[in-house]
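Undergrad: sequence and computational prediction follow.
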Amino acid sequence: MNLPNVITVARILLIPVFIVLYMLQKDWSIFSASVLFALAAITDWLDGYLARRLNQTTSFGAFLDPVADKLIVVAALIILVSYHNDPWLTLPSLVIVGREIVISALREWMAEINDSVAVAVSYLGKIKTTLQMIALTLLMSQPVGNDSIALQAGYVLLYLAAVMTLWSMWQYLRAAWSSLSRGLR
């Protein structure tokens with residue numbers, strides 16, 4: 001296994017660690033959970049950069065990287081929604097998770113019909129992921145019941161990410177529409 005793939009696997013292995021730390025709900029553990037989440041988010045950029053720079057791109061890495069991204073985002077959203085119990089956090093979380101399910105299913109179906117080029121990762125998707133990671137880091141850094149500026153900024157960025165999530169989903173569906181419409185016949 002090459003270095004970029006090891007970094008991706010490490011990102012996945014950080015998930016239970018930041019979840020347990022967040023669940024302790026101590027000031028130090030909440031801070032530690034958010035730092036680990038931020039580290040995991042940074043490795044998303046790092047593994048891709050190293051894979052390209054070192055010419056170590058692999059089909060396994062191309063599969064595992066988006067899976068790792070989705071796992072850390074969904075894990076963070078679930079833990080935040082369960083602890084904050086706030087419909088204003090639940091709404092964008094459902095949009096983000098729902099989009100991930102739709103796009104994953106779309107990519108799988110498009111691959112089955114040998115048309116996966118139509119739904120390649122877009123620049124908009126990278127911006128969406130960056131906004132999600134920053135928003136989730138901010139949200140995870142704040143204790144439940146806190147109403148800090150960081151928490152409010154996290155909410156704003158999460159809503160922006162949710163809007164971009166819907167927009168990128170629309171772009172993917174539009175790009176795949178001719179294949180989708182053929183499948184309806």
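TA: Received the coordinates, thanks. Residues are numbered from 1 along each chain as shown.
Undergrad: residue 114 sits in which helix or strand?
TA: Under the criterion DSSP states H and E, no helix or strand holds residue 114.
Undergrad: separation between it and residue 179?
TA: As judged by Cβ to Cβ, to the nearest Å, residue 114 and residue 179 stand 10 Å apart. Placement of C-beta: from N, CA and C, glycine included.
Undergrad: check residue 59 too.
TA: Distance from residue 59 to residue 179, by Cβ to Cβ: 22 Å.
Undergrad: where is the longest helix in the protein?
TA: helix 149-184 (DSSP state H).
Undergrad: show me what contacts the residue lying closest to residue 127 once chain neighbours are set aside?
TA: Excluding the flanking residues, the one nearest residue 127 by Cβ to Cβ, 6 or more residues apart in numbering is residue 164, at 6.4 Å. Residue 164 is in contact with 124, 127-128, 131, counting by Cβ atoms under 8 Å, 6 or more residues apart in numbering.
Undergrad: can you check residue 158 too?
TA: Residue 158 touches 89, 92-93, 96, 131-132, 135-136, 139, counting by Cβ under 8 Å, 6+ apart.
Undergrad: likewise for residue 97?
TA: 74, 77.
Undergrad: give me the below-cutoff pLDDT ranges for this structure.
TA: 115-122, 183-185 (pLDDT under 70).
Undergrad: switch to 80 and redo it
TA: 111, 113-125, 179-185 (pLDDT under 80).
Undergrad: now do the helices in it.
TA: Using DSSP H, helices in the chain cover 3-24, 27-53, 59-84, 87-112, 123-140, 149-184.
Undergrad: point out the most buried one among these.
TA: Neighbour counts (mean count of other Cβ atoms under 10 Å) averaged over each of the helices of the chain peak at helix 123-140, with a mean of 20.
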